[in-house]
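Student: when you get a sec, could you give me coordinates for this:
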Amino acid sequence: MSSTQEVPAKRGPLDGITVLDFSRVLAGPYCTMVLADLGARVIKIEKLLTGDDTRAFGPFLGQGPQRESVYFACFNRGKESIALDLKSPRDRELLERLLNEADVVVENFRPGVMDRLGLGAQRLAQTHPHIVYASISGFGQTGPYSDQPGYDMVVQAMGGVMSLTGWPGAAPARVGTSFGDLGAALFATVGIISALYRRTKDAQGTRVDIGMLDCQAALLETALARYDVEGKAPTRTGDCHPSLAPFETFEAQDGRFVIAAGNDHLFMLMADALGAPQMALDDRFLSNDARCTNRPALVQAIEAVTRTQPQQHWIERLQAAGVPCAPINTVDKLFTHPQLLARDMIIQVQGEHGRPVRTAGNPIKMSGFAPQDIHAPLKAPGLDQHRAAILAELMQGTGEYAAAAVPGAEGSNEAIAPTAAATQRLAA
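Tutor: Next comes the predicted model:
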């Protein structure tokens with residue numbers, strides 16, 4: 001009788017891909033975090049002494065020399081760190097060797113900075129044509145705004161998102177997360193993976209040019225088309241959808257909750273679940289267009305019912321009927337949410353010294369790959385933590401760097417010392 005041997009799951013679909021991450025703060029690091037979550041090896045190239053700016057962003061764990069940024073740890077989990085002076089000949093040679101092994105370069109400086117460092121896309125296209133080179137900036141590499149600094153708040157304002165966020169008659173509001181940075185990060189990730197796929201066909205790298213403002217425009221849903229059709233700029237609608245009703249929050253006996261009955265069938269099911277089937281026969285509410293036109297009356301009719309019971313009462317009835325609805329959870333509720341826990345979406349990250357911190361995990365679930373152990377914290381690197389290992393990997397085989405038995409230096413940056421010949425040749 002034949003037997004089948006279980007094949008071990010792979011680390012991730014990007015296992016074998018090496019990413020050099022020159023980026024800092026959020027858009028670039030979030031992009032490379034996703035790549036690391038998908039199995040890529042990400043080597044973070046940091047500034048000497050200070051590293052990524054977010055190492056100084058709160059909240060913090062610990063005190064003094066062991067104080068670590070939770071902000072940094074969340075978006076740099078699973079990466080390696082080496083600190084380099086990109087103007088030093090010695091470090092530049094190390095970097096050239098890293099480039100020889102890299103598949104992807106990610107940077108989020110202003111256009112022109114990498115060119116001035118001799119690491120621009122055009123130069124690498126000639127010397128390392130296999131590399132996928134991704135640049136994330138406020139406004140992209142071309143256009144009249146390309147030299148302008150682009151921060152999340154700036155592109156949220158300029159890209160129209162703030163004009164759509166908030167309540168009618170109130171001041172425009174920033175989206176509650178860094179929507180500009182995160183949107184650009186995800187588009188960059190899609191571009192990088194697409195370029196890696198193309199490389200399997202022709203062995204050539206590609207330039208991926210991501211502008212945060214472009215991404216904000218792409219995430220406006222139908223707002224641009226709505227203006228083109230109606231000739232009126234969309235504006236803030238509070239918690240309701242501009243094209244669907246009921247699709248907003250409603251008052252219950254103990255607070256507000258969401259009902260999202262996005263079509264006529266769901267509206268009829270909602271009316272039955274609320275014990276008010278006559279609502280579905282009201283001429284004002286017979287179609288979605290009619291309900292949008294008569295939204296104030298619709299809200300009044302629904303809340304006349306929902307105010308009579310606690311929100312959990314209505315959520316249970318609506319869910320049983322198949323009507324989309326939800327409580328408005330505060331962030332603390334997510335740590336115990338049964339669906340997120342079932343999907344392994346609450347993971348732990350940890351720096352060099354502090355305790356593990358809970359955060360959101362990888363939402364991309366793929367068969368055939370090993371799931372993450374949510375009980376084993378993903379490590380965020382200390383500044384320059386992996387220099388010794390990287391130097392050993394790049395140079396020890398050539399005899400230029402030799403292992404040195406430095407007392408107490410095992411696992412530290414002093415564990416690998418250059419030979420005399422290497423020191424002379426690589427001295428800055």
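Student: so residue 103 makes contact with residue 128?
Tutor: No: counting by Cβ atoms under 8 Å, residue 103 stays clear of residue 128, with 9.9 Å between them. Where C-beta positions appear, they are placed from N, C-alpha and C, glycine not excepted.
Student: which one of the two has more residues nearby?
Tutor: The residue with more neighbours, out of residue 103 and residue 128, is residue 103; 21 against 16, by other Cβ atoms under 10 Å.
Student: so who does the more buried one touch?
Tutor: Listed by Cβ atoms under 8 Å, 6 or more residues apart in numbering, the contact partners of residue 103 are 17-19, 130-132, 196.
Student: what does residue 21 give?
Tutor: Residue 21 makes contact with 28-29, 32, 42-45, 79, 106 under the criterion Cβ under 8 Å, 6+ apart.
Student: restricted to helices, list those residues.
Tutor: Within those, residues falling in helices by DSSP state H are 28-29, 32.
Student: out of these, which is most surrounded?
Tutor: residue 32 leads these on contacts (other Cβ under 10 Å) with 30 neighbours.
Student: not counting sequence-adjacent ones, nearest residue to it?
Tutor: residue 21 (4.3 Å; Cβ to Cβ, 6 or more residues apart in numbering).
Student: state the distance from the one you found to residue 197.
Tutor: 20 Å (Cβ to Cβ, to the nearest Å).
Student: residue 208 reaches residue 131, doesn't it?
Tutor: No: using Cβ under 8 Å, residue 208 is not in contact with residue 131, being 10.9 Å away.
Student: distance-wise, check the closest residue to residue 106 other than its chain neighbours relative to residue 27.
Tutor: Distances taken as Cβ to Cβ, 6+ apart place residue 134 nearest to residue 106, at 4.8 Å, with adjacent residues excluded. To residue 27, residue 134 is 11 Å away according to Cβ to Cβ.
Student: can you check residue 381 too?
Tutor: From residue 381 to residue 27 the distance is 19 Å (Cβ to Cβ).
Student: so if I had to pick from these two, which one is more boxed in?
Tutor: residue 27 (30 against 24).
Student: spit out the contact partners of residue 156.
Tutor: So residue 156 contacts 162, 174-175, 179-180, 216 (Cβ under 8 Å, 6+ apart).
Student: list the buried ones in the helix or strand hosting it?
Tutor: In the assignment (DSSP states H and E), residue 156 maps to helix 152-158. Neighbour counts over helix 152-158 (16 or more other Cβ atoms under 10 Å) mark 152, 154-158 as buried.
Student: and which of those residues is nearest residue 335?
Tutor: Nearest to residue 335, judged by Cβ to Cβ, of the buried residues of helix 152-158 is residue 152 at 25.5 Å.
Student: help me confirm that the closest one comes into contact with residue 30.
Tutor: No: under the criterion of Cβ under 8 Å, residue 152 is not in contact with residue 30, lying 11.3 Å apart.
Student: just send the contacts of residue 21 back as CSV, with pLDDT and distance to residue 294 too.
Tutor: Converted to CSV, the contacts of residue 21 look like this (pLDDT from 0 to 100; distance: Cβ to Cβ, whole Å):
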residue, pLDDT, distance to residue 294
28, 97, 47
29, 98, 47
32, 98, 49
42, 98, 53
43, 98, 58
44, 98, 55
45, 97, 58
79, 97, 53
106, 98, 50
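Student: helix or strand for residue 100, which one?
Tutor: Residue 100 belongs to helix 89-101 when assigned by DSSP H and E.
Student: which other helices and strands does that helix contact?
Tutor: strand 18-21, strand 41-46, helix 387-395, helix 420-426 (3 or more Cβ pairs under 8 Å, 6 or more residues apart in numbering; DSSP states H and E).
Student: if we go to 7 Å?
Tutor: Secondary-structure packing of helix 89-101 (3 or more Cβ pairs under 7 Å, 6 or more residues apart in numbering; DSSP states H and E): strand 18-21.
Student: just give me the neighbour total for residue 42.
Tutor: Residue 42: 27 neighbours (other Cβ under 10 Å).
Student: surely it touches residue 36?
Tutor: Yes: assessed by Cβ atoms under 7 Å, residue 42 is found in contact with residue 36 at 4.5 Å.
Student: what touches both of those two?
Tutor: Common contacts of residue 42 and residue 36, defined by Cβ atoms under 7 Å, 6 or more residues apart in numbering, comprise 78-79.
Student: show me the contacts for residue 204.
Tutor: Residue 204 touches residue 129, counting by Cβ under 7 Å, 6+ apart.
Student: quick one, phi/psi of it?
Tutor: Per-residue torsions, residue 204: phi -110, psi 140 (degrees, to the nearest 10).
Student: also the one 4 residues further on?
Tutor: Backbone torsions for residue 208, taken as degrees, to the nearest 10, come to phi -110, psi 120.
Student: end to end, how far does stretch 33-53 reach?
Tutor: 16 Å (Cα to Cα, to the nearest Å).
Student: now swap in stretch 319-332 and tell me
Tutor: End-to-end distance of stretch 319-332: 23 Å, with Cα to Cα as the criterion.
Student: ok, and for it, which residues are buried?
Tutor: Buried residues in stretch 319-332 (16+ other Cβ under 10 Å): 321, 323, 325.
Student: average model confidence for it?
Tutor: Per-residue pLDDT values over stretch 319-332 give a mean of 97.
Student: give me the residues contacting it.
Tutor: 249, 256-261, 266, 269-270, 272-273, 311, 315, 318.
Student: brilliant, that's me finished.
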